[in-house]
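Participant: I need the structure of the sequence given here:
(one chain, ligands or ions: 2)
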Amino acid sequence: MAADNALEGCEIPGIPGSMYYIPNFIDPQEEAELLNAIPSNRWIQLQHRRLQTQPSSLSKSNTLLEAPLPSWLVNPVISKFKSLGLFNDSPHHAPNHVLINEYNPNEGIMPHEDGAAYYPIVATVSLSSALCLDIYEKAQDGDQARPSSTPKWRVLQEPRSLLVTCGSAYTDTLHGISEIEIDEDLGPDTVANWTLLGDHKVFIDNGGQNVRTTRISLTYRDVLKVSKVGARILGRPRG
Ligand SMILES: O=C(O)CCC(=O)C(=O)O
Ligand SMILES: [Fe+2]
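Facilitator: Numbers count the residues shown, from 1 in each chain. Ligands and ions are numbered 1, 2, ... in the order given. Take a look at the predicted model:
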């Protein structure tokens, strides 16, 4: 992809196809401003996390009703994506959809794939707390893909970092976050992006542990199918 040059040196070793980790993608003030801007009245409470979607959730046919993203999700994050060349090759040349997930300690998300509604590039900004994303190889079960029984890799996402998943890392793996309070046994042999971390000393000094606090993630994607309001009202899509 076009971002290859800008992301050179950020590719996570060992994970095929590729995932990139950029520590300190935003600064503490940008992080605080993003946290402040998240509307408090749009959360949907699920059993093990809460979430909101911007500008809106997808229809049953995975279609997004065309609408601009709020400006606080565009600047500074999407401007920084542009300087990295991220989403240059995606159909809309920019993300048009952001999922905001909030996890308290002991909360997570089951292993899953993000699927065919999106162009295969995902950019995730982490806020507030570090935690490990578990990456599973895909085991084929008839037509159904299921995760390998244990995670093959762990990616430690520090607050203010960016994780980019693209290509076969998007299509051929599953990802999840385990419902634990403490990420244990963190070190060079157990964390795929150890050499790319902004500050691995924090984890060494803490005996290889990360005690989670509440983490919020912003997941930027390009939804492939977008419908225009006018076309919908007329019942005739006009391209
Ligand atoms: O919070 C994250 O980093 C992952 C979220 C995720 O996988 C999703 O919403 O599809
Ligand atoms: Fe996901």
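Participant: Report the mean per-residue pLDDT for the strand or helix carrying Glu30.
Facilitator: Assigned by DSSP states H and E, Glu30 belongs to helix 28-37. Throughout helix 28-37, pLDDT has a mean value of 98.
Participant: Pull that helix out as CSV, backbone CA atoms only.
Facilitator: Extracted C-alpha coordinates of helix 28-37, given in CSV (Å, rounded to 0.1, in the frame of the first residue of the first chain):
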residue,chain,number,x,y,z
PRO,A,28,-1.4,14.0,25.7
GLN,A,29,-3.3,17.2,24.9
GLU,A,30,-4.8,15.8,21.7
GLU,A,31,-5.7,12.7,23.7
ALA,A,32,-7.5,14.8,26.4
GLU,A,33,-9.3,16.8,23.7
LEU,A,34,-10.6,13.6,22.1
LEU,A,35,-11.7,12.2,25.4
ASN,A,36,-13.6,15.4,26.1
ALA,A,37,-15.3,15.5,22.8
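Participant: and it, how far from the chain's centre?
Facilitator: For helix 28-37, the gap between its own C-alpha mean and the chain's C-alpha mean amounts to 17 Å (CA atoms, centre = their mean, to the nearest Å).
Participant: Then stretch 182-200?
Facilitator: Computed by CA atoms, centre = their mean, the chain-centroid distance of stretch 182-200 equals 18 Å.
Participant: Span of that stretch from start to end?
Facilitator: Using CA to CA, to the nearest Å, one end of stretch 182-200 lies 16 Å from the other.
Participant: For the closest residue in space to Val211 that isn't next to it in sequence, give its distance to Ser129.
Facilitator: Leaving aside its sequence neighbours, Val211 sits nearest to Ile182 (CB to CB, 6 or more residues apart in numbering; 5.3 Å). No exception for glycine: its C-beta is placed from N, CA and C like everyone else's. Between Ile182 and Ser129 the computed distance is 12 Å (CB to CB, to the nearest Å).
Participant: between the two, what contacts are shared?
Facilitator: Counting by CB atoms under 8 Å, 6 or more residues apart in numbering, the common neighbours of Ile182 and Ser129 are Arg212.
Participant: Out of these two, name the residue with the larger neighbour count.
Facilitator: Neighbour comparison, Ile182 and Ser129: the larger count goes to Ser129, with 19 against 14 (by other CB atoms under 10 Å).
Participant: Could you measure from that one over to ligand 1?
Facilitator: Note on Ser129: its distance to ligand 1, by CB to the nearest ligand atom, to the nearest Å, is 11 Å.
Participant: Ile100 pairs with what?
Facilitator: Note on Ile100: beta-bridge partners by DSSP bridges are Gln52, Leu218.
Participant: Quick one: check the helix or strand Ala169 falls within for contact with ligand 1.
Facilitator: Using DSSP H and E, Ala169 sits within helix 168-171. No - taking CB under 6 Å from any ligand atom as the criterion, helix 168-171 and ligand 1 are apart, separated by no less than 11.1 Å.
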